[in-house]
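Asks: fold the stuff below for me.
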Amino acid sequence: MAKPKTPLSQISYGLYVIGSKGREGDHAMTANWLTQVSFEPEIVAIAIEKGSLTRELVEEGGAFAVSILKSGQKEVAGRFAKADKSGMRREELVGKTTGAPVLREAMAYLDCHVVDRKEIGDHVVFFGEVVDSGMLDDKAEPLTLHETGWRYGG
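Replies: Take a look at the predicted model:
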């Protein structure tokens with residue numbers, strides 16, 4: 001039986017791979033709670049579960065990268081949904097300004113330095129100033145949570 005719809009489940013979300021870099025190398029996880037919070041300077045906010053390795057590495061490295069996935073890339077999002085290193089393939093990654101990894105096959109990316117953080121509920125919200133960004137496929141449309149049929153991505 002399908003779960004009933006709730007008002008919160010009606011909020012539109014994209015799906016993103018959040019890259020971080022730590023002492024033991026690159027790491028990435030799928031996430032969906034991302035929003036822009038400032039034009040000048042360009043700042044985005046991303047919510048990451050408190051207990052995740054990605055949260056630890058973003059705090060350690062002071063940076064994160066957002067790979068914006070393309071419509072049809074549910075399999076890519078699924079590879080990083082378990083938030084472990086088994087989904088990483090070196091040939092997929094591109095290092096950017098902060099050193100946090102970006103997926104080569106993404107539609108676009110944002111490379112961010114952490115400028116603030118706030119613990120709230122079971123997540124930590126990181127505010128990142130965009131120091132580098134780019135379109136990798138300007139003809140693609142973004143992957144959405146609705147397209148995957150998932151309820152949460154990270």
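
Asks: all contacts plus neighbour counts: C-alpha atoms, from now on.
Replies: Will do.

Asks: which SS state does Leu57 fall under?
Replies: Here Leu57 is helix, with the state taken from DSSP: H, G, I helix; E, B strand; the rest coil.

Asks: hey, which helix or strand in this protein has the poorest pLDDT?
Replies: In the chain, the helix or strand scored least confidently by mean pLDDT, DSSP states H and E is strand 93-95, which has a mean of 70.

Asks: list the strands paired with the next helix or strand after that one, with their directions.
Replies: Using DSSP states H and E, the helix or strand that directly follows strand 93-95 along the chain is strand 101-103. Sheet pairing of strand 101-103 (DSSP bridges) gives strand 93-95 (antiparallel).

Asks: three-state assignment of His78?
Replies: One thing to correct before we go on: residue 78 is Gly, not His. helix.

Asks: who are the neighbours in contact with it?
Replies: Going by Cα atoms under 8 Å, 6 or more residues apart in numbering, Gly78 touches Thr30.

Asks: tell me which stretches of the protein form helices.
Replies: In the chain, the segments counted as helices under DSSP state H are 53-61, 74-79, 145-148.
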